[in-house]
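Undergrad: Quick check, what structure comes out for this input:
(chains A and B)
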Amino acid sequence: DTAVSQTPKYLVTQMGNDKSIKCEQNLGHDTMYWYKQDSKKFLKIMFSYNNKELIINETVPNRFSPKSPDKAHLNLHINSLELGDSAVYFCASTLEGGENIQYFGAGTRLSVL
Amino acid sequence: GQQVMQIPQYQHVQEGEDFTTYCNSSTTLSNIQWYKQRPGGHPVFLIQLVKSGEVKKQKRLTFQFGEAKKNSSLHITATQTTDVGTYFCAGDSNYQLIWGAGTKLIIKP
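TA: Here you go, the predicted model:
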């Protein structure tokens, strides 16, 4: 059983398109995150979200929007994709009030052509 | 803003040599975590250090947290090919994780 699962694993698309990446966790965690990892391997938190609060990294363009239908899911929608959006996107989850240990999904490799 | 500096960016070692990566925070941390990311994989939690001056060991890996809770190190003794990957520290300050840039361990052929 995969604890944090993301789909798709790979996503190749044209500039200007809109795409979504899905994330689900079965750990019973209540806080979920989206990270972007660029080609230099820098891990950048984009969003953290629990059922009370969405925290947005102010450097993230508003073309990126997280959507959470319930606390086990946090999807990432990206509008008007740009070349610079090419990266690996990781979903992660933690238990609020716990040790803040991040459990990561396997990642989605996005290539914008 | 708060930063965690991690060095070196890369370290090339012969198999059997030791490896060390260092993290230094601009602010005092409540704890520090270490993660390993294998090539093509995702970051996986290794350990958390909480106490000032804490030292923890996992087989050939030794983790230290500084007395001032602002710096930390990971030392691998006698590296093996299975150690290849990028090691990240992440400092926890007010329940916000601040990530280091990672150190990539490369084993020379």
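Undergrad: what's the helix or strand of chain B with the lowest mean pLDDT in contact with?
TA: None of the helices or strands of chain B scores lower by mean pLDDT, DSSP states H and E than strand B:96-99, at a mean of 89. Outside strand B:96-99, the residues that touch it by CB atoms under 8 Å, 6 or more residues apart in numbering or on different chains are A:42-45, A:100, A:102, B:2-4, B:25, B:33, B:88-92. (Glycine included, C-beta is placed from N, CA and C.)
Undergrad: Quick check: next helix or strand after that strand?
TA: strand B:103-108 (DSSP states H and E).
Undergrad: of all the residues in chain A, which ones are close to chain B?
TA: A:40-45, A:90, A:99-107 (CB under 8 Å from any CB of the partner chain).
Undergrad: go again using 7 Å as the cut-off
TA: A:Lys41, A:Phe42, A:Leu43, A:Phe90, A:Glu99, A:Asn100, A:Ile101, A:Gln102, A:Phe104, A:Gly105, A:Ala106, A:Gly107 (CB under 7 Å from any CB of the partner chain).
Undergrad: In strands only, show me those.
TA: With strands taken from DSSP state E, the overlap with the residues of chain A next to chain B comprises A:Leu43, A:Phe90, A:Phe104.
Undergrad: Could you give the bridge partners of the second one?
TA: Read it as A:Phe90. A:Phe90 has these beta-bridge partners by DSSP bridges: A:Tyr35.
Undergrad: before we move on, the earlier item: which positions in the least confident helix or strand of chain B come out as buried?
TA: B:Leu97, B:Ile98, B:Trp99 (16 or more other CB atoms under 10 Å in any protein chain shown).
Undergrad: for those, which one is nearest chain A?
TA: B:Trp99 (4.8 Å; CB to the nearest CB).
Undergrad: For chain B, what's the nearest residue on chain A?
TA: For chain A, CB to the nearest CB, closest residue to chain B: A:Phe104, 4.2 Å.
Undergrad: so after the helix or strand of chain A with the lowest mean pLDDT, what's the next helix or strand?
TA: Sorting the helices and strands of chain A by mean pLDDT, DSSP H and E puts strand A:54-56 at the bottom, at a mean of 80. Next helix or strand after strand A:54-56 toward the C-terminus (DSSP H and E): strand A:64-70.
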